[in-house]
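Participant: have a look; sequence and predicted model below, questions after that.
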Amino acid sequence: MNNINTVEHSQRDRPRYLSLILQYIPFSLVIIRLCLSPLLLWDALDGITSNWFIFGFVLAFLSDIFDGVIARRIGVSTASLRQADSLADVCLYLCIGISAWLVHPDVITEFSIPLSLIILMQLIWLVVNLAKYGKPASYHTYSAKTWGVTLFIATIALFGFNYAGFTLFMMIAVGCLHTLEEIAMTLILPTWTHDVLSIVHARKIVSYKE
């Protein structure tokens, strides 16, 4: 009889345990991306990259896609998780940028002006957000997702095929447009808000509060 009750109790608790496990998946994916980033840089320290570099980067990129998807699907897309997600993205592409400088210094030199422009715009974005909210924004806009795709394409083209033409220009152009949109969103949103998909959505939030 006790064995039957134990089995029934275990079956009742199984959905609760499964729910707890699912809640930790998005955060685990963020941690994976944070751990992969310095490993990618480590692989590039000698001026060349192995096949692992592409594999590790693709894995990090996929973790960036699915952490948000899973978090929204199971209802755990909290502000702290989204901030951690943004931090992991910064770490990943900072390591990718340094790796590009180590492995392809000629490309960095050739594209120094447009790359400096996007870096400057990102610094302005950071200053604007810190001045208004005291912390970086975490909007996860459509334009940010588009920029992420162009960053992925440019990275694969550069490290996988030694190509840095149209793909790099496309990444920089999309990044500039994305940064301008998010700066404008920060200027019009009165308080820090996460997961605002576009400036249109930001204007709706402002109109609703008014």
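Facilitator: Here it is on my side, so go on.
Participant: where's the residue most central in space within the chain, which helix or strand?
Facilitator: Nearest to the geometric centre of the chain sits Asp89, at 3.4 Å (C-alpha atoms, centre = their mean). Secondary structure from DSSP states H and E places Asp89 in helix 79-103.
Participant: packing partners of the helix or strand just after that helix?
Facilitator: Following helix 79-103 in sequence order, the next helix or strand is helix 105-110 (DSSP H and E). When contacts are defined as 3 or more C-beta pairs under 8 Å, 6 or more residues apart in numbering; DSSP states H and E, helix 105-110 sits against helix 79-103. C-beta: built from backbone N, CA, C; applies to glycine.
Participant: rewinding a little: can you tell me how far the residue nearest to the residue nearest to the centre of the chain when sequence neighbours are not counted is from Leu87?
Facilitator: Spatially, and ignoring its direct neighbours in sequence, Asp89 is nearest to Asp64 (6.4 Å; C-beta to C-beta, 6 or more residues apart in numbering). Computed as C-beta to C-beta, to the nearest Å, the Asp64 to Leu87 distance reads 12 Å.
Participant: which of these two has more residues huddled nearby?
Facilitator: More neighbours surround Asp64 than the other of Asp64 and Leu87, with 20 against 15 (other C-beta atoms under 10 Å).
Participant: mind giving me the packing neighbours of the one helix or strand Val58 maps to?
Facilitator: Val58 is part of helix 51-74 when elements are defined by DSSP H and E. Counting contacts by 3+ C-beta pairs under 8 Å, 6+ apart, helix 51-74 packs against helix 2-44, helix 79-103, helix 142-161.
Participant: what angle sits between the last one and helix 79-103?
Facilitator: Okay, so that is helix 142-161. Helix 142-161 and helix 79-103 are oriented at 30 degrees to each other (axes from the mean of the first three to the mean of the last three C-alpha atoms, to 10 degrees).
Participant: got a list of what the closest residue to Val103 other than its chain neighbours touches?
Facilitator: Spatial nearest neighbour of Val103, excluding adjacent residues (C-beta to C-beta, 6+ apart): Ala44 at 5.2 Å. Shown in contact with Ala44 (C-beta atoms under 8 Å, 6 or more residues apart in numbering): Phe53, Ile98, Ser99, Leu102, Val103.
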